[in-house]
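A.B. asks: pasting the structure only:
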């Protein structure tokens, strides 16, 4: 059931609120809570992060190997390597407030924080997890592919000249240009078509939808 209001007001539809823009035609809605609950819970895909892991392993392997070689050489009666003597002398002579020491310490802290963030976050933000209809099977849809599917659905609506779709993890923003028909009618058709398209994507967490329709820019 729809309750129309004046320009700049809202329309209410069965648990949804559509906000109308008087300068054009726009609507925004979020999936109903019951629909989100039925979609099932599934976690995001974790990135293996092979490049940071490989770089960290190489740095640790090279540093520990060089240090162990130098310690073994000193134990065998040979002098310490020049880099270790210079480093020990600098650390003994420079105060803790030295800009070089503070800069190196800040760099080490930043690298450590970066590694902690990589270890604690899943990454792969471009993948949208899909519903797990069968146990042991996981699937995901790339955000660009999902945006392309919605765009193809939108351009089939009568009156739509061009469409831009930006697919986020929590919301799909659709901006359409209509060269004929009433903007409200085009927006209503887009709203119906795109909501059906989002539902048929099979995502575990269906994103919200924002639809904006405007006229083409006047030339000259």
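C.D. replies: Happy to help now that I have it. Owing to the predicted nature of the structure, the values given are computational and were not obtained by experimental measurement.
A.B. asks: what's the separation between the residue of the chain most remote from its centre and residue 84?
C.D. replies: In the chain, residue 77 marks the outermost C-alpha relative to the chain mean, sitting 56.5 Å out by CA atoms, centre = their mean. For residue 77, the distance to residue 84 equals 16 Å [CB to CB, to the nearest Å]. For glycine as for every other residue, the C-beta is placed from the backbone atoms N, C-alpha and C.
A.B. asks: and residue 50, by the same measure?
C.D. replies: Applying CB to CB to residue 50 and residue 84 gives a distance of 32 Å.
A.B. asks: between the two, who's got more neighbours?
C.D. replies: Neighbours per residue, other CB atoms under 10 Å: of residue 50 and residue 84, the larger number sits with residue 84, 15 against 8.
A.B. asks: next SSE after the longest helix along the chain?
C.D. replies: Looking across the chain with DSSP state H, the single longest helix is helix 50-75. Next along the chain after helix 50-75, taking DSSP states H and E as the criterion, comes helix 82-93.
A.B. asks: who does that following helix touch, helix- and strand-wise?
C.D. replies: Of the remaining helices and strands, none touches helix 82-93 by 3 or more CB pairs under 8 Å, 6 or more residues apart in numbering; DSSP states H and E.
A.B. asks: can you list the domains in this structure?
C.D. replies: 2-43+127-214, 50-120 (automatic domain parsing).
A.B. asks: so what would you say the end-to-end distance of the shortest one is?
C.D. replies: So the one you mean is domain 50-120. Using CA to CA, to the nearest Å, one end of domain 50-120 lies 15 Å from the other.
A.B. asks: count the neighbours of residue 94 for me.
C.D. replies: 12.
A.B. asks: the residue nearest to it when sequence neighbours are not counted and residue 174, how far apart?
C.D. replies: Leaving aside its chain neighbours, residue 94 sits nearest to residue 101 (6.1 Å; criterion: CB to CB, 6 or more residues apart in numbering). Distance, residue 101 to residue 174, using CB to CB: 53 Å.
A.B. asks: where do the strands sit along the protein?
C.D. replies: For the chain, applying DSSP state E gives strands covering 2-3, 10-13, 16-19, 25-29, 127-129, 140-142, 160-167, 171-178, 208-214.
A.B. asks: mean confidence score for the fourth one?
C.D. replies: Read that as strand 25-29. In this model, strand 25-29 carries a mean pLDDT of 68.
A.B. asks: give the contact list for residue 193.
C.D. replies: 153-154, 156-157 (CB atoms under 8 Å, 6 or more residues apart in numbering).
A.B. asks: got phi/psi on the most centrally placed residue in the chain?
C.D. replies: What sits nearest the mean C-alpha location of the chain, by CA atoms, centre = their mean, is residue 125, with 3.9 Å. With angles defined as degrees, to the nearest 10, residue 125 sits at phi -70, psi -20.
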